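> any chance you could fold what I've pasted below:
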Amino acid sequence: MSSPRRFPPPWSVEVTPNCFIVRDANGQARHILQLSAYNERVDRLNAIRLLQALVAAGANCDAPMADAWITKIALEIGLQNGELYSALAYAGTQDWLADNQKEGWTSLTRAGEAWASHVSTTKTEMRPRQRHTK
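I've put the predicted structure just below:
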């Protein structure tokens with residue numbers, strides 16, 4: 001025997017560019033499901049830019065960083081709101097950043113510091129060298 005429905009049918013779903021809105025029989029919105037504009041490549045590039053900016057500003061794996069300072073650095077390189085949160089989430093999944101025991105602080109991991117330095121070094125090495133002619 002099937003279980004009784006919790007809400008009377010019919011339910012409707014409204015599709016908008018940014019979300020799905022599920023409405024009950026009375027037309028009241030019951031669930032709003034945000035569509036993620038998740039783009040792994042963009043999030044990865046933004047996370048790398050953020051790591052590089054943090055390291056350039058003096059961050060290292062030996063000292064935790066205040067979240068407000070991370071946000072300040074992110075704004076300086078043009079990351080804000082959703083882009084910033086997606087970059088932070090991506091960096092967290094890669095173990096480049098980690099929550100600190102102290103609330104409101106984040107730690108750059110050794111992997112994050114090494115990775116930011118490696119990418120910077122690789123970019124420098126990949127640039128074509130200019131020939132000096134006399």
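
> just the strands in this structure please.
12-15, 19-23, 29-34, 65-66, 97-99, 105-108 (DSSP state E).

> the closest residue to Leu84 other than its chain neighbours: how many residues sit nearby?
Spatial nearest neighbour of Leu84, excluding adjacent residues (C-beta to C-beta, 6 or more residues apart in numbering): Ala74 at 4.8 Å. Just so you know, the C-beta spots here come from the backbone N, C-alpha and C atoms, and that holds for glycine as well. When counting by other C-beta atoms under 10 Å, one arrives at 22 neighbours for Ala74.

> check Ala74 and give its pLDDT.
In this model, Ala74 is scored at 94, pLDDT.

> what's the spacing between it and Leu45?
14 Å (C-beta to C-beta, to the nearest Å).

> over to Asp99?
23 Å.

> can you check Ala116 too?
On the measure of C-beta to C-beta, Ala116 and Leu45 end up 13 Å apart.

> more neighbours: which of these two?
Remark: of Ala116 and Leu45, Ala116 carries more neighbours, 24 against 13, as counted by other C-beta under 10 Å.

> in contact with that one, which residues?
48, 51-52, 54-55, 96 (C-beta atoms under 8 Å, 6 or more residues apart in numbering).

> out of those residues, the closest to Ala111 would be?
Distance to Ala111 across those (C-beta to C-beta) is lowest for Trp96, with 5.9 Å.
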